[in-house]
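*Asks:* Let me see the structure of the following:
(chains A and B)
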Amino acid sequence: AQRVTQPEKLLSVFKGAPVELKCNYSYSGSPELFWYVQYSRQRLQLLLRHISRESIKGFTADLNKGETSFHLKKPFAQEEDSAMYYCALFGNEKLTFGTGTRLTIIP
Amino acid sequence: GAVVSQHPSWVICKSGTSVKIECRSLDFQATTMFWYRQFPKQSLMLMATSNEGSKATYEQGVEKDKFLINHASLTLSTLTVTSAHPEDSSFYICSARQPTYEQYFGPGTRLTVT
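*Replies:* Residues are numbered from 1 along each chain as shown, chains lettered A, B, ... in the order given. Predicted structure coming up:
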């Protein structure tokens, strides 16, 4: 069975400080990993996917197969980053979500 | 980017009645659509995977006779909650997948069963 774990339900960070949202996964095959973001009163939207290796809104995430992690990072937090973040794994033809981390940026 | 719509966005129904929720991919064809359920302050739980022209695949613990899914075309999937009860009250979200495996999500439908 595939599983995604986000150990932090809530994370508060001061504006300008670095952000790291943790994500660990369990999957027997070669995983495809994503980060989704849900801003207040908006739909879930794709933030980034590991195979594209791109930086979106200053966020990056590196897949570490040895540690089975896909942590999301941003060097300098901005107030507009406050949102719910979900790590997700695509495997066995379906997307499995972690429980999410609510990120709050303190002005 | 790709857009997925859901209708209605909010529905209240009486216990025992059935409710249909529509999910449409507006600017792309989706061979696969997914239905999720989200409880307050919780993550999305996959209910079923819907492939165009074939029967839906339900996740363990999801009653297929209660949550009827139809994927009649490449742009439309429907979820019908039959004989709804208050415990079915939830936020239902659909998503549609492009061939590149990216999934785009609808805005969700809030169902309240009284």
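*Asks:* Please make it C-alpha for all contacts and neighbour counts, starting now.
*Replies:* Fine.
*Asks:* then the biggest strand by length in chain A to PDB, C-alphas only?
*Replies:* Ranked by number of residues, the top strand in chain A under DSSP state E is strand A:83-91. Provided in PDB are the C-alpha atoms of strand A:83-91 (Å, rounded to 0.1, in the frame of the first residue of the first chain):
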ATOM      1  CA  ALA A  83      -2.300  28.100   3.000                       C
ATOM      2  CA  MET A  84      -2.900  24.400   3.300                       C
ATOM      3  CA  TYR A  85      -0.200  22.300   1.700                       C
ATOM      4  CA  TYR A  86      -0.700  18.600   0.700                       C
ATOM      5  CA  CYS A  87       2.000  16.200  -0.400                       C
ATOM      6  CA  ALA A  88       0.800  13.500  -2.800                       C
ATOM      7  CA  LEU A  89       2.100  10.400  -4.400                       C
ATOM      8  CA  PHE A  90       0.900   9.000  -7.700                       C
ATOM      9  CA  GLY A  91       1.200   5.300  -7.800                       C
END
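*Asks:* Contacts made by that strand with the rest, please.
*Replies:* A:2-4, A:6, A:23, A:25, A:27, A:29, A:31-40, A:95-104, B:43 (C-alpha atoms under 8 Å, 6 or more residues apart in numbering or on different chains).
*Asks:* Apply 7 Å and report the result again.
*Replies:* A:4, A:23, A:31-40, A:95-104 (C-alpha atoms under 7 Å, 6 or more residues apart in numbering or on different chains).
*Asks:* okay but B:Tyr36 is in contact with B:Ser95, surely?
*Replies:* No. At 8.1 Å, B:Tyr36 does not count as touching B:Ser95 under the criterion of C-alpha atoms under 7 Å.
*Asks:* Which strand residues bridge residue 103?
*Replies:* Since you didn't name a chain, this refers to chain A. For A:Leu103, the beta-bridge partners are A:Leu11, A:Ala83 (DSSP bridges).
*Asks:* My question was about chain B, not that one.
*Replies:* B:Gln103 has these beta-bridge partners by DSSP bridges: B:Arg97.
*Asks:* Could you give the number of residues near the residue nearest to A:Leu10 when sequence neighbours are not counted?
*Replies:* Nearest in space to A:Leu10, with sequence neighbours left out and distances taken as C-alpha to C-alpha, 6 or more residues apart in numbering or on different chains, is A:Arg102 at 4.8 Å. Other residues within reach of A:Arg102, judged by other C-alpha atoms under 10 Å in any protein chain shown, total 21.
*Asks:* Spit out the contact partners of A:Arg102.
*Replies:* By C-alpha under 7 Å, 6+ apart, A:Arg102 lies in contact with A:Lys9, A:Leu10, A:Leu11, A:Ala83, A:Met84, A:Tyr85.
*Asks:* let's see it at 6 Å
*Replies:* Contact analysis of A:Arg102 by C-alpha atoms under 6 Å, 6 or more residues apart in numbering or on different chains lists A:Leu10, A:Ala83, A:Met84.
*Asks:* Look up phi and psi at the most centrally placed residue in chain B.
*Replies:* With distances taken as C-alpha atoms, centre = their mean, the residue of chain B nearest its centroid is B:Trp35 (3.7 Å). Dihedral pair for B:Trp35: phi -120, psi 130, per degrees, to the nearest 10.
*Asks:* related to what we said a few turns ago, most surrounded residue in the contacts of A:Arg102?
*Replies:* A:Met84 (22 neighbours).
*Asks:* Please read off the pLDDT at the nearest residue to it once chain neighbours are set aside from the model.
*Replies:* In space, and not counting its chain neighbours, A:Met84 is closest to A:Arg102: 4.4 Å by C-alpha to C-alpha, 6+ apart. Per-residue pLDDT puts A:Arg102 at 96.
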